[in-house]
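A.B. asks: Pasting a predicted model and its sequence here:
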Amino acid sequence: MEVSETAACGIAQREFAIEFDVEELVNMYRILLYAQNGTGFYDEDFLEDLKSQLAYIIGPSLEEETGEEIEAELTWEDDGVGFTLSFKEDIAATFYRILEAVEHPGEGLDTKLNADLLDQMMEMAPNTLDNLPVINR
């Protein structure tokens with residue numbers, strides 16, 4: 001997984017992308033499910049690495065409170081080799097709060113955005129995610 005800035009100079013908003021391989025996509029799906037209702041399990045090291053990369057690349061705007069509901073522009077893309085999640089700076093803090101909701105599932109979570117991300121992921125990679133075990137045995 002790698003977080004990168006895709007556009008910055010001369011535009012109104014910075015844009016970012018997170019690249020995932022298949023295993024990392026599964027890890028991300030499990031994180032979003034767990035953040036929603038505390039069901040299942042997730043890779044804690046993966047989550048901490050993702051959060052630290054986001055904090056390093058995006059910086060202080062992750063701490064900003066939007067105060068208003070933002071029309072999400074987070075999009076998933078299957079590039080044939082891996083998967084990319086693209087988003088603009090104005091949604092970065094909301095996305096980061098979803099990742100932080102894992103500590104207290106459901107609290108402070110943008111449930112619509114989380115559900116949209118889960119739906120997009122399932123549409124993009126149904127064979128990988130459809131029969132995924134969500135409980136740790």
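C.D. replies: Looks like it came in fine.

A.B. asks: switch to C-alpha atoms for all contacts and neighbour counts from now on
C.D. replies: Will do.

A.B. asks: Next, find the distance separating the residue nearest to the spatial centre of the chain from residue 81.
C.D. replies: With distances taken as CA atoms, centre = their mean, the residue of the chain nearest its centroid is residue 95 (5.9 Å). Look at residue 95 and residue 81: by CA to CA, to the nearest Å, they are 24 Å apart.

A.B. asks: how far out from the middle of the chain is the lowest-mean-pLDDT helix or strand in the chain?
C.D. replies: Among the secondary structure pieces of the chain, namely its helices and strands, strand 2-7 has the lowest mean (mean pLDDT, DSSP states H and E), a mean of 85. Remark: strand 2-7 is offset 14 Å from the chain centroid, using CA atoms, centre = their mean, to the nearest Å.

A.B. asks: Which other helices and strands does the following helix or strand past that strand contact?
C.D. replies: Downstream of strand 2-7, the next assigned helix or strand under DSSP states H and E is strand 15-20. In terms of contacts (3 or more CA pairs under 8 Å, 6 or more residues apart in numbering; DSSP states H and E), strand 15-20 is packed against strand 2-7, strand 83-88.

A.B. asks: Using neighbour counts, pick out the buried residues of the stretch of helix or strand residue 55 belongs to.
C.D. replies: Per DSSP H and E: residue 55 is located in helix 44-58. Residues of helix 44-58 classed as buried by neighbour count (16 or more other CA atoms under 10 Å): 47, 50, 53-55, 58.

A.B. asks: what's the burial count for residue 107?
C.D. replies: 16 (other CA atoms under 10 Å).

A.B. asks: whoops, I mixed them up, residue 3
C.D. replies: 22.

A.B. asks: next one: the one 3 residues further on
C.D. replies: Residue crowding around residue 6 was assessed by other CA under 10 Å; the count is 14.

A.B. asks: do the same with the one 10 residues further on
C.D. replies: The number of residues packed around residue 16, counting by other CA under 10 Å, is 22.

A.B. asks: what sits opposite it in the beta ladder?
C.D. replies: Legend: beta-bridge partners of residue 16 under DSSP bridges are residue 5, residue 87.
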